[in-house]
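Peer 1: Just to be clear, the model below is a prediction. Sequence and coordinates:
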Amino acid sequence: QELSELLTSHSCRVILATTTHGAYRSLLGDANEDHDDDEIYHVTHAGIGTTFIEGEERIAQLWDQSGLVATSLSKPEMDLLLWKKLAANCVINPLTSILDCTNGDLVRNNYFQNMFPALLTEISMVAQQSISTSFSGELAPDKLLTFVDTVIADTKNNTSSMRQDIMRRKPTEIKYLNGFVVRKGEQLGIKTPKNQELIEKVRELEAST
């Protein structure tokens, strides 16, 4: 949304896309040495996925033919996919950062078990009010819980991007994840205290590093 607003004045069009490819930045040298990031990190492709592109079938075909594995989605389908992906990120990223653990280790933590259902209920309420009614049932709490459980299991050995940011003393994307849910909830008159709690805890981590 911010990028779209920024580029509107330049007569540019933003095409939405999201991917399930796995990648992470690997440390090449001593992180304490005075290097540019490009000199001490490289990107490791950790798993082949699919890139989903909104409404651009020709672009998706070209990407797919090049080996990038892409497919085109309608706007309602893309909205649904992005909300599901947001839900997973709003759970996994802040909680792995707060608990300082891999994705898979979340399920063994009591704080996670207590937070998980209430957090997803808030996200579900906001998401269902923000999407086409024909797809809103796919964002019910039980559906999101199953989806996020699957993501955690599939990425059990991964370190989330937010946890990596905290470890590298970098700003996190919390305002674009749980922060987005809170802002959207305020617009819709939906309270989101669990999301706000996670924002505050991540902000504390950012301030302490």
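Peer 2: That came through, no problem. Remember, predicted model here, so these are calculated numbers, not experimental data.

Peer 1: tell me how far the helix ranked longest in the chain is from the chain's mean position?
Peer 2: In the chain, assigned by DSSP state H, the helix with the most residues is helix 75-99. Centroid displacement of helix 75-99 relative to its chain, using Cα atoms, centre = their mean, to the nearest Å, is 4 Å.

Peer 1: Would you indicate which residues of it are buried?
Peer 2: With burial defined by 16 or more other Cβ atoms under 10 Å, the residues of helix 75-99 counted as buried are 77-99. From N, CA and C alone the C-beta is placed, and that goes for glycine too.

Peer 1: What mean pLDDT does that helix get?
Peer 2: Average pLDDT, helix 75-99: 95.

Peer 1: just checking, what packs against that helix?
Peer 2: strand 17-19, strand 51-54, helix 110-128, helix 141-154, helix 161-167, helix 178-188, helix 193-208 (3 or more Cβ pairs under 8 Å, 6 or more residues apart in numbering; DSSP states H and E).

Peer 1: and residue 68, which of these is closest to it?
Peer 2: Ranking those by their distance to residue 68 (criterion: Cβ to Cβ) puts strand 51-54 first, at 5.9 Å.

Peer 1: how about low-confidence regions in this protein?
Peer 2: Within the chain, the stretches with pLDDT under 70 are 1-2, 4-5, 7-10, 27-41, 209.

Peer 1: what separates residue 124 from residue 177, distance-wise?
Peer 2: Distance, residue 124 to residue 177, by Cβ to Cβ, to the nearest Å: 15 Å.

Peer 1: ok, now residue 51?
Peer 2: 20 Å.

Peer 1: which one of these two has more residues nearby?
Peer 2: Higher neighbour count among residue 51 and residue 177: residue 177, with 24 against 17, using other Cβ atoms under 10 Å.
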